[in-house]
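In: Take this sequence and fold it.
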Amino acid sequence: MDLGLKDKVVAVTGGTSGIGRSVAEMAAAEGARVFVLARHEVQIPGCRFLQCDVTRPEQVGQAVAEVVQEAGRIDVLVNSAGVYREEPLEEVTEASYREIMDTNVLGTVLMCRAALPHMDGGCIVNVASDAALRGNYGCAVYAASKGAVVAFTKSLALDVAPRVRVNAVCPGDVDTPMMEKQCREGGYTKAECGAVYPLQRIARPEEAAFMILSVASPRNGFMTGAAVEVTGGL
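Out: Numbering: from 1, shown residues only. Now for the predicted structure:
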């Protein structure tokens, strides 16, 4: 399907694994000029890697400056960098709280702030979670962070309209390295997670990526301020 992304400049945070990597690969296949921003370098065909810790304002500013220097602008920003941790509230430490909030919320805010001056008529897509909309067991702080991302998305969409569209995509469980880590630490399997979904499985990364790029597509120009669920009917 032609999503209208050919020659568009797409920046993806957390783009070296999981959903972010699938977004980067799919955007490159669509003919976009893709920049992958992450802490640790992984070479992805058709993509330009830039080292960036989204919790560090100076690194965010430098990475965005490099994108603009090379490509002249940013058409699509996908904020996919994130961390997940399951822990009961009584075990939450200040350090774990800050890691989750700084990566999931502050990182999204910093990237949007840095990129927006270089966007005109494009789209920002923030990757949130189904937990942002209805909560989930054993991950209250994570759910709160993604809830903040959704609220930030809806408010920012008002602030920057009509120049830039801003939306969130809220996936359920996705078969990623983060999900595998979650299963190991939680003592359950991906099949057990999938059994709670009406579709009887968890999502594939490319399914979440397709929705993200569909939302970002200029062919979807009347959607802004939305939080789109990709949850297999959960």
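In: what residues does stretch 207-225 touch?
Out: Residues outside stretch 207-225 that contact it (Cβ atoms under 8 Å, 6 or more residues apart in numbering) are 3-5, 8, 10, 19, 22-23, 25-27, 30, 76, 78, 80, 121, 123, 125, 127, 153-154, 157-158, 161, 165-167, 169, 171, 174, 226, 228, 230. (C-beta placed from N, C-alpha, C; glycine too.)
In: Could you rerun that using 6 Å?
Out: For stretch 207-225, contacts defined as Cβ atoms under 6 Å, 6 or more residues apart in numbering pick out 3-4, 19, 22-23, 26, 76, 78, 123, 125, 154, 157, 161, 165-167, 169, 171, 174, 230.
In: List the residues that contact V105.
Out: By Cβ under 6 Å, 6+ apart, V105 lies in contact with S145, A148.
In: any idea how far it is from K146?
Out: Computed as Cβ to Cβ, to the nearest Å, the V105 to K146 distance reads 9 Å.
In: same deal with V164?
Out: V164 is 21 Å from K146, by Cβ to Cβ.
In: Looking at the two, which one has more neighbours?
Out: A count of neighbours by other Cβ atoms under 10 Å puts K146 above the other of V164 and K146, at 29 against 22.
In: So that one: helix, strand or coil?
Out: What DSSP: H, G, I helix; E, B strand; the rest coil gives for K146 is helix.
In: State the number of residues packed around the nearest residue to it once chain neighbours are set aside.
Out: Closest residue to K146 apart from its sequence neighbours, by Cβ to Cβ, 6 or more residues apart in numbering: A132 at 3.6 Å. Neighbourhood size, A132 [other Cβ under 10 Å]: 24.
In: do the one 3 residues further on as well
Out: By other Cβ under 10 Å, 12 other residues sit near G135.
In: and if you look at V160?
Out: Per other Cβ under 10 Å, the neighbour tally for V160 reads 16.
In: Could you tell me which residues make contact with it?
Out: V160 sits next to no residue when contact means Cβ under 6 Å, 6+ apart.
In: Show me the helices in the protein, by range?
Out: Per DSSP state H, the chain carries helices over the ranges 18-29, 57-71, 94-101, 107-115, 131-134, 140-160, 177-186, 190-194, 205-216.
In: So for the lowest-mean-pLDDT helix or strand in the chain, what gets flagged as buried?
Out: The helix or strand of the chain with the poorest confidence is helix 177-186; it has a mean of 80 (mean pLDDT, DSSP states H and E). Neighbour counts over helix 177-186 (16 or more other Cβ atoms under 10 Å) mark M178, M179, Q182, C183 as buried.
In: Using JSON lines, please lay out the residues you listed together with distance to A191.
Out: Output for the buried residues of helix 177-186, formatted as JSON lines (distance: Cβ to Cβ, whole Å):
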{"residue": "M178", "distance to A191": "17"}
{"residue": "M179", "distance to A191": "12"}
{"residue": "Q182", "distance to A191": "14"}
{"residue": "C183", "distance to A191": "10"}
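In: Now flag whichever of those residues is closest to S96.
Out: Closest to S96 out of those is Q182 (14.6 Å), distances taken as Cβ to Cβ.
In: The nearest residue to V127 once chain neighbours are set aside and A140, how far apart?
Out: Nearest non-adjacent residue to V127, counting by Cβ to Cβ, 6+ apart: S80, 4.6 Å away. S80 is 22 Å from A140, where distance means Cβ to Cβ.
In: ok, those two, which is more surrounded?
Out: Comparing S80 with A140 by neighbour count (other Cβ under 10 Å), the higher total belongs to S80, at 30 against 16.
In: which residues does S17 contact?
Out: Counting by Cβ under 6 Å, 6+ apart, S17 touches P177.
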